[in-house]
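*Asks:* Predicted structure and sequence below. I'll ask about it afterward.
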Amino acid sequence: MPTSVNAPYLAIGVALAVVAFVVLRRLSRYGMRPADYPPGPPTLPIIGNLHQMPMKDLHLKFAKWGKQYGPVFSLKLGADMNIIVLNKDQPVKDLLDKQSSIYSVRMDSLIREYGDGLMITNRDNDDIWRRQRKAYHLLLNGNVANKYLPYQYFETTQLLQDILQRPDDVSLHLKRYTTSLGSTIAYAWRTTSIDQPAVKTMYHWIERWSAIGTQTMVTEWWKFLRPIYRIMPTWLSAGKKEMFELLDIEKRLWMSQLVKAKENIDRGNKKPCFAVDMLLNNKQGDAKDAMTDLQTAFNAGHAWAGASDTTLNTLLAFVKAMILYPDVQAKAQEEIDRVIGSERMPDWHDRDSLPYVRSCVKESLRWLPTALTGVPHSVSRDDTYMGFKIPERAVIFFNTWAINNDPSRVLNPRRFLPERHLDDSTTSYESASLPDCSKRDHFTFGAGRRICPGIHIADRSLFVAISRLLWGFKIEQGMDAEGRPIPLNADVMGPGFVAEPEKYASHFVPRTPETENKIKSEWAKAAVLLDKDGNYSDVFYDVFGRAYL
């Protein structure tokens, strides 16, 4: 009798035990790497590989794991985020280039959703993104890019003059130079000082945006939290509040600049710029490619921000290399003296006759890439590569640092050696399009349909600046107050996906009295083409256009 009474309780107990076993078994697999994924470091239940992710130098950790687990490996962050890392050039070519139709989407991210939605770098490859991208291709391609050379020549003339006056503040001069190039190409107004209100706002936005990822990290790892996050009041979430504040800053900044571009059109201003060209194209071009004012404003604004930041980082890498490798600097200057002399400054049209200087540009981009792990791609559907599954919406990192410094494609990669590029006269875009990826000079501008849309402008900005810095100055290591050299590290980079070299001290010395006098006289001739506010006068483009185009 007692047995029959206890039977129901026993059955319930067994059922609960089975349920508990199933739940625990499922939990034990939650966050673990499936067997058909690419290999990678061991995962733990729930958290996957979160405990192994470094807080800095992600590119170095990825490179180390690549040596251990192969050229394509995978990570699990939390339960829902799958990461695939490409550490070699061939997988980048096979997936991001050859299968760009499915590898051009962006990772599913709350930052993208709440941050702006119109940032071309982060936007998914939908119809709006295709319009944004087409505007870049149409208005900033290799054939069109030359019309911005007058801006690049003018700004480098001021850059050299600024260095003459303050030879120990070169990082600030370079920042003004790249920021002014961005503002002139985007809007046709100059950055005369990085303390200008619009410029300060832009860099304030960049700094805050770079730091926001950590505030929304948990919801990126566990997707089931996202519906809760979306309905959560802003006052309960510092990250959500920050994203809306940044969106407001962006809208006000970019739209205020678009209003000025419209005023330029109304005044019949002849100076070219990306914003004006987009506005005119919206009116006169194919209606299906037209963008709204907000979309146009964001496209121009992010062109300015992107050009200012990434070009600066590459120039800082170049200056560091010239300090660390004085033999390279001497060879480049010997070539300039032999081909150009001191009677004029080098320009873009000297690129073919200055192969060593051209190679210094390529090597600067390879040696310290600003996008260390690339801007992450994603994949729109399940795929298979090298026998492994790449799941739909996996985050795809291509480790730019590891590929640029792969000893199987670059001999002695951590040495700055322009000679490795001497036989390569391709532009960055031409090199990225080569069928044989082992011949590509570097992967710093990205890959596939997501390759940097400002690549043609960047090539010109870098060559003009680097050739003229070498023409005008001897670049030396900075000294402390006691006259001792201030140490600098060749490899250390700052935080973030788009990183700058670790800060260092430099000192620039005019190479000859002739070049010093030439810089002064060229600046005197250029300065008269500015109006009272330091912007380009109405005659500027006609004068510089006749002189250089």
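*Replies:* Perfect, I can see it now.
*Asks:* Where does residue 163 fall, secondary structure wise?
*Replies:* If you go by DSSP states H and E, residue 163 is part of helix 149-165.
*Asks:* CA-only coordinates of that helix in CSV, if you can.
*Replies:* The C-alpha trace of helix 149-165 is given here as CSV (Å, rounded to 0.1, in the frame of the first residue of the first chain):
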residue,chain,number,x,y,z
LEU,A,149,44.3,68.4,-56.0
PRO,A,150,44.2,72.3,-55.7
TYR,A,151,42.9,71.8,-52.1
GLN,A,152,45.6,69.3,-51.4
TYR,A,153,48.4,71.5,-52.8
PHE,A,154,47.2,74.5,-50.9
GLU,A,155,46.8,72.7,-47.5
THR,A,156,50.2,71.1,-47.8
THR,A,157,51.7,74.5,-48.5
GLN,A,158,50.3,75.8,-45.2
LEU,A,159,51.4,72.5,-43.5
LEU,A,160,55.0,73.2,-44.4
GLN,A,161,54.7,76.8,-43.4
ASP,A,162,53.2,75.8,-40.0
ILE,A,163,56.0,73.4,-39.4
LEU,A,164,58.6,76.1,-40.2
GLN,A,165,57.0,78.3,-37.5
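*Asks:* That helix packs against which elements?
*Replies:* For helix 149-165, the packing partners by 3 or more Cβ pairs under 8 Å, 6 or more residues apart in numbering; DSSP states H and E come out as helix 170-187, helix 455-472, helix 513-527, helix 540-548. For every residue, glycine as well, the C-beta is placed using N, CA and C.
*Asks:* so where's this structure shaky on pLDDT?
*Replies:* Across the chain, residues meeting the criterion (pLDDT under 70) sit at 1-31, 112-116, 213-222, 224, 496-497, 544-549.
*Asks:* for it, what spans make up the strands?
*Replies:* Counting by DSSP state E, the chain has these strands, from start to end: 72-77, 81-86, 377-378, 383-385, 388-390, 395-398, 473-477, 506-510.
*Asks:* Would you format those strands as JSON lines with distance to residue 189 and mean neighbour count included?
*Replies:* Formatted as JSON lines, those follow (distance: least, Cβ to Cβ, whole Å; neighbours: other Cβ atoms under 10 Å):
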{"stretch": "strand 72-77", "distance to residue 189": "42", "mean neighbour count": "24"}
{"stretch": "strand 81-86", "distance to residue 189": "40", "mean neighbour count": "26"}
{"stretch": "strand 377-378", "distance to residue 189": "34", "mean neighbour count": "24"}
{"stretch": "strand 383-385", "distance to residue 189": "45", "mean neighbour count": "14"}
{"stretch": "strand 388-390", "distance to residue 189": "45", "mean neighbour count": "20"}
{"stretch": "strand 395-398", "distance to residue 189": "36", "mean neighbour count": "24"}
{"stretch": "strand 473-477", "distance to residue 189": "28", "mean neighbour count": "20"}
{"stretch": "strand 506-510", "distance to residue 189": "27", "mean neighbour count": "18"}
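*Asks:* Out of these, the one nearest residue 193 is which?
*Replies:* strand 506-510 (19.9 Å; Cβ to Cβ).
*Asks:* What pairs with the closest one, parallel or antiparallel?
*Replies:* strand 473-477 (antiparallel) (DSSP bridges).
*Asks:* Find the nearest non-adjacent residue to residue 438, please.
*Replies:* residue 409 (5.5 Å; Cβ to Cβ, 6 or more residues apart in numbering).
*Asks:* give me the number of residues near that neighbour?
*Replies:* Residue 409 has 16 neighbours, counted by other Cβ atoms under 10 Å.
*Asks:* and it, what does it touch?
*Replies:* Taking Cβ atoms under 8 Å, 6 or more residues apart in numbering as the criterion, residue 409 is in contact with 89, 403, 438.
*Asks:* Write a PyMOL command that selects only the buried members of the residues you listed.
*Replies:* Entered in PyMOL, the line below selects the buried ones among the contacts of residue 409, by 16 or more other Cβ atoms under 10 Å:
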select buried, resi 89+403
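*Asks:* Residue 473: which of the contacts of residue 409 is nearest?
*Replies:* Residue 473 lies nearest to residue 403 out of these, by Cβ to Cβ, at 32.2 Å.
*Asks:* ok, now which ones touch the closest one?
*Replies:* Per Cβ under 8 Å, 6+ apart, neighbours of residue 403: 86-89, 92, 409, 443.
*Asks:* Next step: those residues restricted to helices.
*Replies:* Per DSSP state H, helices hold the following members of those: residue 89.
*Asks:* would you list the contacts of residue 403 in a markdown table and tack on distance to residue 511?
*Replies:* Formatted as a markdown table, those follow (distance: Cβ to Cβ, whole Å):
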| residue | distance to residue 511 |
| --- | --- |
| 86 | 43 |
| 87 | 41 |
| 88 | 41 |
| 89 | 38 |
| 92 | 40 |
| 409 | 35 |
| 443 | 34 |
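*Asks:* quick one: which two of the contacts of residue 403 are the most distant?
*Replies:* Distances among those were taken as Cβ to Cβ; the most separated pair is 86 and 409, at 13.8 Å.
*Asks:* Residue 36 - nearest residue in space that isn't next to it in sequence?
*Replies:* Using Cβ to Cβ, 6+ apart, the nearest residue to residue 36 is residue 389, at 4.5 Å.
*Asks:* show me what contacts the one you found?
*Replies:* Neighbour list for residue 389: 34, 36-37, 382-383 [criterion: Cβ under 8 Å, 6+ apart].
*Asks:* for residue 428, same thing?
*Replies:* Contacts of residue 428 were listed using Cβ under 8 Å, 6+ apart, and they are 362, 365, 441-442, 445, 455, 458-459.
*Asks:* ok, now residue 506?
*Replies:* The contact partners of residue 506, by Cβ under 8 Å, 6+ apart, come to 168, 170-171, 319-320, 323, 475-478.
*Asks:* so how far is residue 76 from it?
*Replies:* Remark: distance between residue 506 and residue 76 (Cβ to Cβ, to the nearest Å) = 43 Å.
*Asks:* still on that earlier bit, next, format the contacts of residue 506 as TSV and append distance to residue 303.
*Replies:* Output for the contacts of residue 506, formatted as TSV (distance: Cβ to Cβ, whole Å):
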residue	distance to residue 303
168	31
170	25
171	23
319	25
320	26
323	31
475	29
476	34
477	35
478	33
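*Asks:* Could you tell me which of the residues you listed count as buried?
*Replies:* For the contacts of residue 506, buried by 16+ other Cβ under 10 Å: 170-171, 319-320, 323, 475-478.
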